[in-house]
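> model the following, please.
(chains A and B)
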Amino acid sequence: MTKDKDDVFTIRMPDVGEGVAEAELVEWHVEPGDIVREDQIIAAVMTDKATVEIPSSATGKVIWLGGEVGDALAVGADLVRISADPNAGIDPTGKPDARSAAEAVAVVPSPETPDEHEPQTREPAGGPIEPEKSDPRAALANLAEAPRPALERRSPGDKPLASPAVRRRALDAGVDLRQVPGSGPAGRITHADLDAHLEAPEPQAAKAAGGRLRKTGVTETPVVGLRRAISRKLSQTWSKVPHITIVEEVDVTALEELRASLNAERGAGKPRLTILPFLVQALVRAVADQPVMNAHHDDEAGQLRSFEGVHVGIATQTPQGLKVPVVRHAEARTLDDTAHEIARVADAARDNTALREELTGSTITITSLGALGAIATTPLINAPETAIVGVNRMAVRPVWDGTQFMPRKIMNLSSSFDHRVIDGWDAAVFVKRLKSLLETPALIFVES
Amino acid sequence: MAETHCKLLVIGGGPGGYVTAIRAAQLGIDTLIVDDGPLGGTCLNIGCIPSKALIHAGDEFEKLIDAARGGSPLGMSAAAPEIDFARTMAWKDGIVAKLTGGVAGLLKKAGAKSLRGRGTIRDGKSVTVETDLGAQTVHAEYMVIATGSEPVELGVLPFGGKVISSTGALSLPTVPERLVVVGAGYIGLEIGTAFAKLGAKVTILEAASQILPVWDADLTRPVAKRLADLGVAVMTDAKVTGLSDDGERLQVRSGAGDDIELEADKILVAAGRRPRTKGFGLEQLALPMDGPFIRIDNQCRTAMRGVYAIGDVTGDPMLAHRAMAQGEMVADLIAGNRRVWDKQAIPAICFTDPEIVTVGVGPQAARREGHAVRIGQFPLRANGRAMTLGRDDGFVRVIARQDNHLVLGIEAVGAGVSEFASAFALAIEMGARLEDIADTMHAHPTLGEAIQESALAALGRGLHF
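Just a heads-up that it's a prediction; the model follows:
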C-alpha cells in the first residue's frame, strides 16, 4: 500500500503466491463511498489454487475500485483507493488500472525482497522504526505470505530449475527433481530443498492440511541382546515354517463359573486362578490324543520327536521383550500347582532371574495377550515346536440357543501349527478337542 | 591375430573420445582408446586449435599493416611489415604438438591405454585394429563410438587441386593471393577473415541471404561490417556451379541470376561438416540413425546394449565441449553411476571478427518456445574498457522470462567476447534470474560490465546507457 497524496491510500493487489502474475477478482465486499476500517475484508481474489480475502490496511472512505468482479488484476496493480477524509469525493474514473500484468510485474514486491521496489516508503537506515501493526505495508506483506504454500512457486510444466551440483546430487540419490519443490528465486531448487525432500519424502499434500509442523527426526536404535535373539528366531521361524492358523470360538461361560467358585473358595491368602492353568491342563488332555502337537520337528534331521511329558511354554511379555518361560511336566501337576508354577516362572522371567532350564525345553506354547487379546491373532509357533495356542479376549456375546439369545462368555483361540507335519484336518480336530474341553471343564479333570 | 581384452574401448581420440578415456580410467575402468591419427582429433590437430592460432596471427599482422598504413589511432606507425608464413605455421604446429602430446600424457597418467591404428567394428563387443605391427582384435565389454565428423565435399567442387577443405587451409605453406571461401558459416568466416588479415584477397560466397545464416542478424551485422572494412567481398545468395573447364576459375551464379567466374588461387569449401559414420564397420551394428547421425538417448546410449556414441557423430551442435561433456557422462555411466544429459545450454562461439557468443536461446527461439520475454541489451560503445581496447563495436544481450526473470539466453558480439561464454553458461546452468546478474558486482573496468548492464537494462534499471 502506498500513500499517494492528501491522505489517499492505495491498496495494491498483493502477491498471493504461487508465482502468479495476476488474480481474478471474485467478490467486492465494499462499494465506493463505504467507510472501511483497518483489517476489514474489502475483496476476494482467486488464483488457480485458492481464493484469498484481502483486508484493508487503512481506515477511511473507499473512493475508487480497481476493477469489476471477473476482472483479472495484475499483482501489484492498484486495487482500491481509500481516503482518510470521510467527505472525499468518489473518483469518477472508476476504471481498472490500465497496467497489464507484464508491466506491473516490475513493481511487484517480490517475496524475497518485499521492499526492493518501494524505495519511496522505505525508512532511512537508522530512522524510526514503526511498530509492525501500524505499518500497513507489513500487514500486506503478511497477507501475501500467509496463503502461500511456501515451496511451490514453479508453474506446472516448467522444467525443474537447479544448479548442476544439485542436479547431480539428486541423480545420485535417485530423486526426480520434478517432485521437489524449489524455494529459491523462480522456484529454483536449492541444496536445502533437496535435503528437505530427502528427509521427508512423503507427498507434499500430506503436510498442507492443518499447516502443522512436519517432524523430520529419526531415532536409530541398535537391535541387540534379547531383541536381536527374538528377531533372529522369528525371522527363521517365519521363513522356514509354513504355518496354518485356525481361529475358533469357545464358550467359556461354564469355565468362568467354575473359576469364579474356585477363586471364591481360595480365600484372601492365595493368588487367584487365571484361565491359563485350565488351558494348560486342557492341553495336557488334548495332546494325549494327538502326540504330534506336543513335539519338536527337527527338519534338518527329518525327524519328529513327540514327547510324553508336556512342557508348556508361556509366552510372557517382560521389560526386556518377549520370553517363553516353561512350566515343566504339566501332565504331573494339579491345577493349583500349575497356577503356582505359571506365576513363578513368569515372575522369574520378568525379574530376569529365570534359569536357563526355565526358559528352554518347552514342547508346546501358549500365548495370551490377556485383556488386549483381540478377536484373532496369527501366532508364530515357537520352533521347533509344532503348535502354539493363542488366547484372545473374552467378551460377553449374545448366542442363539435355539429359542432366544443368551448372554455367553465367548473367547477365541487362535492356534497355529507347523503345516509340514500337521494337516489342516488334524489341526481342526485338535482345536475342536480343546474347545470341548474348555466348554465342559469337568472333562479336564475326569481321569480317563 | 593378437587379441586384447578391455572393459571399455573408445573409438576415436578426439575431445569426446579422449575425455571419455581419461575419466573412465580415473574411475578404475580398464580402458583402451583407438585412433588412426594423432590424439586430439579434429579439434586439436586440424580444427579449433590451429584455426585459433591462425586467427591470432592474422589479428597481429593486421595491426602491423594498419599501423604501416597510418591507420592506428594510437599514433603508432610501422614500416612495411612482413610475415614469414612458414614460421607462423611452425609456431602453430608447435602448439598442436604440445597439446596432442599433453593428451597422450593425460591418458597415460590416468591409466588408459591407447592404440594407434584403424579400428573396424566386428560386432558390438569386438573391434579389429590395423596397427603398424599388424592387426589385433580388441574385445570389450563396452564400446564408445566417438568418430567425429569431416568436412562436406560439394559434388560440383570435389576436393583436390585448388579446392581445399578447412584441413588443407590450416596447413597451407603460403598465404594464397586470392582465396575464395565457399560457405559463410563460422568455419569459412574464421579462416577467410584470418587469411584476409594475412594479406589474401578474400571472397566469401554464401548460398543463403546472410552470413552466419543460423545466427540472429543483430549478432552478425557487426561481423558483416568488419568484413567490409577488411576488404573481404561477401556474395550472398550465390550458388557455386563448378570450376571452369581449365580448372582455373570458380563458376558462380549470383542472386540476380548472373553467371560469374571468379579467379582464385585457392578455393576453400566450408559448406559444413558431416558425421563420420563410414569406413569403420559401423554398418555391422545396424544401429538406428537420426538422419546421418547415430541415434542416442539422453545417456548417449545407442540401440545396442553396451554401445555408446558421443560427439559430432551423434548430431548438432558439432562442438568439442559437447562431446567432452557427453564423454564424461558416459564414463560415469559405465562406472555404474547415475547420470543423465541434463545440460541447460551448450555455448556456441564464432571466432569471427568481432566474435559472437551465444548461450541458451535467443529472442526468437525463446518466443517460439512460448515464453513472454524481456530483453536487455548493452552496447560495448558505452563500455569504458572496450574503448581502451580500441574496439567498441558489438553488444551484450540477455533474454529472460517476463514472469519470473529467469535467464533463458545470453548473447554477445564484440572483440574478445568469446571469453564471456563461461559466465553466460554458468548463469544459465545455475538458473540465474536477471536480478542475480544485475546484483552481482562486475569488476570495473572490464568488458564484463556489459553483462551486468544488460541485465540491469532488462530490469529497467540501466545505469550507463
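
> contacts and neighbour counts: CA atoms only from here.
OK.

> A:L279: which element?
Using DSSP states H and E, A:L279 maps to helix A:276-289.

> hmm, I was thinking of A:K409
A:K409 belongs to strand A:405-418, assigned by DSSP H and E.

> repeat that for B:R374.
Assigned by DSSP H and E, B:R374 falls in strand B:373-379.

> how about the stretch 1-150 of chain B: which residue is closest to chain A?
With C-alpha to the nearest C-alpha, the shortest gap between the stretch 1-150 of chain B and chain A falls at B:L27, namely 15.9 Å.

> what's the closest non-adjacent residue to that residue?
For B:L27, ignoring the flanking residues on the chain, the nearest one in space by C-alpha to C-alpha, 6 or more residues apart in numbering or on different chains is B:A335 at 6.6 Å.

> contact partners for that neighbour?
Contact analysis of B:A335 by C-alpha atoms under 8 Å, 6 or more residues apart in numbering or on different chains lists B:24, B:27-29.

> which of those sit farthest apart?
Across the contacts of B:A335, the longest distance by C-alpha to C-alpha is 6.5 Å; it joins B:A24 and B:G28.

> and the helices in chain B?
B:15-26, B:41-46, B:48-68, B:85-110, B:166-169, B:186-197, B:217-229, B:320-334, B:363-368, B:384-388, B:420-429, B:434-438, B:449-458 (DSSP state H).

> got the contact list for the third one?
Spelled out, it's helix B:48-68. Counting by C-alpha under 8 Å, 6+ apart, B:42-44, B:72, B:76-81, B:83, B:88, B:92-93, B:95-96, B:170, B:190-191, B:193-198, B:351 sit against helix B:48-68.

> among those, name the buried ones.
By neighbour count, with 16 or more other C-alpha atoms under 10 Å in any protein chain shown, the contacts of helix B:48-68 hold B:42-44, B:72, B:77, B:88, B:92-93, B:95-96, B:170, B:190-191, B:193-198, B:351 as buried.

> where does the closest residue to chain B within chain A land on pLDDT?
Chain B sits closest to A:S163 of chain A, with a gap of 4.2 Å, by C-alpha to the nearest C-alpha. Note on A:S163: pLDDT of 90.

> okay, now it: neighbour count?
20 (other C-alpha atoms under 10 Å in any protein chain shown).

> again, but for B:G409
Neighbours of B:G409 (other C-alpha under 10 Å): 25.

> show me where the stretch 51-200 of chain A has its strands.
A:51-55, A:60-65, A:72-74, A:78-83 (DSSP state E, counting those that start in this stretch).

> which helices and strands sit right next to the third one?
The reference is to strand A:72-74. The contact analysis (3 or more C-alpha pairs under 8 Å, 6 or more residues apart in numbering or on different chains; DSSP states H and E) places strand A:72-74 against strand A:22-28, helix A:101-104.

> ranking those by mean pLDDT, which is last?
Among these, helix A:101-104 scores lowest, with a mean of 41.

> how about the nearest residue to whatever residue of chain B ends up closest to chain A, chain neighbours excluded?
Using C-alpha to the nearest C-alpha, the closest approach of chain B to chain A is made by B:M430 at 4.2 Å. Leaving aside its chain neighbours, B:M430 sits nearest to A:S163 (4.2 Å; criterion: C-alpha to C-alpha, 6+ apart).

> just give the number of residues close to B:D258.
10.

> repeat for the one 3 residues further on
Burial of B:E261 is recorded as 17 neighbouring residues (other C-alpha under 10 Å).

> give the contact list for the closest residue to it other than its chain neighbours.
Spatial nearest neighbour of B:E261, chain neighbours left out: B:Q251 (4.5 Å); criterion: C-alpha to C-alpha, 6+ apart. Residues near B:Q251 by C-alpha under 8 Å, 6+ apart: B:240-244, B:259-262.

> ok, and the most crowded of those residues?
B:V240 (21 neighbours).

> ok, the nearest residue to B:F378 once chain neighbours are set aside - contacts?
For B:F378, ignoring the flanking residues on the chain, the nearest one in space by C-alpha to C-alpha, 6+ apart is B:S454 at 4.9 Å. Counting by C-alpha under 8 Å, 6+ apart, B:S454 makes contact with B:376-378, B:396-398, B:462.
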